[in-house]
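# 3D model of this:
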Amino acid sequence: METFQKLSAIAAPLLRINIDTDAIIPSREMKRVSKTGLSEGLFAGWRYLEPGSRKPNPEFILNQNPYQDAKILLSGANFGCGSSREHAVWALEEWGIRCIIAPSFGAIFFSNCVRNGILPVVLDHSIVESLASQVTSNPEKNLITVDLSQCSVTTPDGTAHSFSIRPADREMLLQGLDSIAITLKRDADILAFQTQDHHSRPWLYL
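This next block holds a predicted model:
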């Protein structure tokens, strides 16, 4: 997966609470057996005027210029709640979202983000609202900068806000490695253990 280190980008404000995975990608949009093509169904219930149609709803934020180019999403509490469907993260990633900033996330969704190269950032509700206010005044110039190495979010006016993330999640994103790839970095240690264990407990390998 793509590494995440530092990003300065347009941020789209979607300040609704409890946006669940079915809103992110409705079940009717999950007809593919691969990760590709899912972005077409991203927020389909809000992004299009009619269910099943592809006529854009001009009122929806991601249909408006310049938010079609947003790589950061600002949202309300409990983003990604509901089902555990990983398709929601795949759709966001394919559409171009690299970072989501919200007061809280669904636990499984948070983990799915990390494992697919999207950085979920938890900041206080008042800070997220302040960010949304700043970016809407001039979204093309008022970019938000997210620095994972420093664990900071810098607002368009230069104010920096720190955030916390588990070291293992941070390392995974910085290196662009999923959990299997992280484990395989210790391949030599694993092989050494297997060799030693084979000698000390040979009956397990019959």
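
# Leaving out chain neighbours, which residue sits closest to the residue positioned nearest the centre of the chain?
By C-alpha atoms, centre = their mean, the chain has its centre lying nearest to residue 118, at 3.2 Å. With C-beta to C-beta, 6 or more residues apart in numbering as the criterion, residue 118 has its nearest non-adjacent residue at 5.7 Å, and that residue is residue 93. Every C-beta, even on glycine, is put in place using the N, C-alpha and C of the backbone.

# In terms of helices and strands, where is that neighbour?
Per DSSP states H and E, residue 93 falls inside helix 87-95.

# and if you look at residue 74?
Using DSSP H and E, the element containing residue 74 is strand 72-75.

# and that strand, how far from the chain's centre?
Put simply, strand 72-75 sits 10 Å off its chain's centre (C-alpha atoms, centre = their mean, to the nearest Å).

# Please enumerate the strands of this protein.
6-9, 11-14, 72-75, 99-102, 119-122, 144-147, 152-154, 160-162 (DSSP state E).

# In PDB, could you pull the C-alpha coordinates for the lowest-mean-pLDDT helix or strand in the chain?
Among the helical and strand segments of the chain, the one scoring lowest on mean pLDDT, DSSP states H and E is helix 179-184, with a mean of 76. Presented in PDB, the C-alpha positions along helix 179-184 are these (Å, rounded to 0.1, in the frame of the first residue of the first chain):
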ATOM      1  CA  SER A 179       0.300  -6.400   9.100                       C
ATOM      2  CA  ILE A 180       1.700  -9.400   7.100                       C
ATOM      3  CA  ALA A 181       4.500  -7.300   5.500                       C
ATOM      4  CA  ILE A 182       5.400  -5.900   9.000                       C
ATOM      5  CA  THR A 183       5.600  -9.500  10.300                       C
ATOM      6  CA  LEU A 184       7.700 -10.600   7.300                       C
END
